[in-house]
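A.B. asks: sequence first, then the predicted structure, then my questions.
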Amino acid sequence: MSKSSKATSLEILACDAGWRNYHFVKLTTEDGIVGWSEFDEGFGSPGVGAAIHRLSARVIGQNIFQHERIFAELFAATRPAAGGVVAQALGAIENALLDAKAKSLGVPCYELLGGKIRDRIRVYWSHCATWRINHPSWYKPPIESLDGVKAMGREVREKKFTALKTNIFSYDDGKPTGWRPGFGSPFAPEINVDRKILRDLHMHLEAMRDGAGPDVDILLDCNFNAKTEGYLKILRAIADLDMFWVEIDSFNPEALGYIRRQSPHPISSCETLLSLREFLPYFHEQAMDVAIIDTPWNGVWQSMKIASAAEAFEVNVAPHNFYGHLCSMMNAHFCAAVPNLRIMEIDIDRLSWDRELFTHEPEIQDGHLIVPDRPGWGTEPNEDALRAHPPKTSGGLLNYGRRS
């Protein structure tokens, strides 16, 4: 027996999310089923919503159960400009189709992915100290010294999380400032790493370890904030520290492989890659220990294919997850079903109105996310709450480093 339910509308919604906006796809079927997905325009991707809107005409009228066919058709229609914002639009549409299909069948999305392997997913507290330093207006209490960093590490331990991830900071007169030249803050396109940054980073990680204690794993995210020489300097400067991984973004798989072979710490990477085609050169180069997959960007169904390829190269995966609660639930279903999982990223510091925006928040116990068994992704946006927090016209990385 085959199932059929046609898509009748596809809408874009957004709301204020503090220093950025949250963005959603709402797909409605002829049966009244609503499939949701969350996507992002703030992480270097302006225009995803416009691409989704332009592609929506080729989705309406199609059978939502045939999401692979719809994806293939949309890819064919956009093949000359595959990747980038277009690929992210396809991923957002795919994720809404998966939610609608699972709800039509009355099952959680992980059942579409082969069923769940695990009921609990180990998570790490991402942007630990980072949000409270970089965005003190939105995340409390603000951190203004090393004592605040230590207190943050202590909070992680006391709340029974087993891992945390932080970023690079510069300290001037004892006060931390986010160091993000790769994102234009400060504007330094050469992105060299000087001695002061190395000293300050080591000091920051030591403070985090002092607060968290010996049993909490510490991860460092370097983003795109150096070139090969700079990343090697960072790795040498923190060689004496116990690191779960060092996350490095590089558009050159050979350069990243060169870094990994000299690193005293495991290397994770690839959160900005789109499609298996982009991941393969990194797998062939053995460029990373853990492949990070952005499932909102790629689509969860396509992300399972990337994870299967990673398994063939003896590489585990982790999701890129620093958006709203719907993205966390989407990633939770991916993590529940994928065999070669390392750990899941999640932001614990949240906006004061985040809980209003979604029907369900992720349930976390002792540093583990409990996989929900509700149909679809297990949560969806509250449209009244979205309207109560209208989106801003600016935000995200496009405003990093700008003077007001």
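C.D. replies: Here it is on my side, so go on.
A.B. asks: going forward, measure contacts between C-alpha atoms and count neighbours the same way
C.D. replies: Fine.
A.B. asks: what about the nearest residue to residue 276 once chain neighbours are set aside, how many residues nearby?
C.D. replies: The shortest distance from residue 276 to any residue other than its chain neighbours is 5.2 Å, reached at residue 306 (C-alpha to C-alpha, 6 or more residues apart in numbering). Burial measure for residue 306: 22 neighbouring residues, criterion other C-alpha atoms under 10 Å.
A.B. asks: outside of the helix or strand hosting residue 306, which residues touch it?
C.D. replies: Assigned by DSSP states H and E, residue 306 belongs to helix 300-312. Residues outside helix 300-312 that contact it (C-alpha atoms under 8 Å, 6 or more residues apart in numbering): 91, 94-95, 113, 275-276, 279, 283, 291, 293-295, 316-317, 330-331, 334, 338, 340.
A.B. asks: what's the neighbour count on residue 261?
C.D. replies: 14.
A.B. asks: what values do phi and psi take at it?
C.D. replies: phi -70, psi -20 (degrees, to the nearest 10).
A.B. asks: then residue 218?
C.D. replies: On the backbone of residue 218 - angles per degrees, to the nearest 10 - the values are phi -120, psi 130.
A.B. asks: burial of it, as a residue count?
C.D. replies: Residue 218: 25 neighbours (other C-alpha under 10 Å).
A.B. asks: pull the contacting residues for it.
C.D. replies: Counting by C-alpha under 8 Å, 6+ apart, residue 218 has contacts 163, 164, 165, 166, 209, 242, 243, 244, 245.
A.B. asks: what's the spacing between it and residue 311?
C.D. replies: 25 Å (C-alpha to C-alpha, to the nearest Å).
A.B. asks: before we move on, back to that, among the contacts of helix 300-312, name the ones in strands.
C.D. replies: The members of those that map onto strands under DSSP state E are 291, 293, 316, 317.
A.B. asks: of those, buried ones?
C.D. replies: For the ones in strands among the contacts of helix 300-312, a burial check counting by 16 or more other C-alpha atoms under 10 Å picks out 291, 293, 316, 317.
A.B. asks: low-confidence regions, the stretch 251-400 of the chain specifically.
C.D. replies: Along the stretch 251-400 of the chain, the parts satisfying pLDDT under 70 run over 400.
A.B. asks: ok, which stretches of it are helices?
C.D. replies: Under the criterion DSSP state H, counting those that start in this stretch, helices of the stretch 251-400 of the chain are mapped to 253-262, 276-284, 295-298, 300-312, 325-337, 354-357, 383-388.
A.B. asks: closest one to residue 42 among these?
C.D. replies: helix 295-298 (12.2 Å; C-alpha to C-alpha).
A.B. asks: report all helices and strands that that closest one contacts.
C.D. replies: strand 34-39, helix 84-105, helix 325-337 (3 or more C-alpha pairs under 8 Å, 6 or more residues apart in numbering; DSSP states H and E).
A.B. asks: output those in TSV; the columns should cover distance to residue 200 and mean neighbour count.
C.D. replies: What follows is these, written out as TSV (distance: least, C-alpha to C-alpha, whole Å; neighbours: other C-alpha atoms under 10 Å):
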stretch	distance to residue 200	mean neighbour count
strand 34-39	34	27
helix 84-105	34	26
helix 325-337	32	26
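A.B. asks: need the ones you listed in TSV (columns: distance to residue 49).
C.D. replies: Listed next are these as TSV, based on distance: least, C-alpha to C-alpha, whole Å:
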stretch	distance to residue 49
strand 34-39	8
helix 84-105	7
helix 325-337	16
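A.B. asks: which of the ones you listed sits closest to residue 174?
C.D. replies: Closest of the helices and strands packed on helix 295-298 to residue 174 is helix 325-337, at 34.1 Å (criterion: C-alpha to C-alpha).
A.B. asks: which residues sit against that closest one?
C.D. replies: 37-39, 109-110, 113-121, 295-296, 300, 304, 318-319, 321-322, 341, 344, 346, 354, 358, 361-362, 369, 371, 377-381.
A.B. asks: just stretch 246-260 next, same as before
C.D. replies: The contact list for stretch 246-260 (C-alpha under 8 Å, 6+ apart) reads 219-224, 227-228, 231-232, 265-272, 281-282, 285-288.
A.B. asks: re the thing from before, make a ChimeraX selection of the buried ones in the contacts of helix 325-337.
C.D. replies: The following ChimeraX line selects those of the contacts of helix 325-337 that are buried, judged by 16+ other C-alpha under 10 Å:
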select :37,38,39,109,110,113,116,120,121,295,296,300,304,318,319,321,322,341,344,346,358,361,362,369,371,377,378,379,380,381
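A.B. asks: could you dump stretch 99-115 to PDB, C-alpha only?
C.D. replies: Extracted C-alpha coordinates of stretch 99-115, given in PDB (Å, rounded to 0.1, in the frame of the first residue of the first chain):
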ATOM      1  CA  ASP A  99       8.200  16.200   9.900                       C
ATOM      2  CA  ALA A 100       4.900  16.100   7.800                       C
ATOM      3  CA  LYS A 101       5.500  12.500   6.700                       C
ATOM      4  CA  ALA A 102       6.200  11.300  10.200                       C
ATOM      5  CA  LYS A 103       3.200  13.100  11.600                       C
ATOM      6  CA  SER A 104       1.000  11.600   8.800                       C
ATOM      7  CA  LEU A 105       2.200   8.100   9.900                       C
ATOM      8  CA  GLY A 106       1.900   9.000  13.600                       C
ATOM      9  CA  VAL A 107       5.600   8.200  14.300                       C
ATOM     10  CA  PRO A 108       8.700  10.100  15.500                       C
ATOM     11  CA  CYS A 109      11.000  11.200  12.700                       C
ATOM     12  CA  TYR A 110      13.700   8.800  13.900                       C
ATOM     13  CA  GLU A 111      11.500   5.900  12.700                       C
ATOM     14  CA  LEU A 112      11.900   7.200   9.100                       C
ATOM     15  CA  LEU A 113      15.700   7.100   9.600                       C
ATOM     16  CA  GLY A 114      15.900   3.400  10.500                       C
ATOM     17  CA  GLY A 115      14.700   3.600  14.100                       C
END
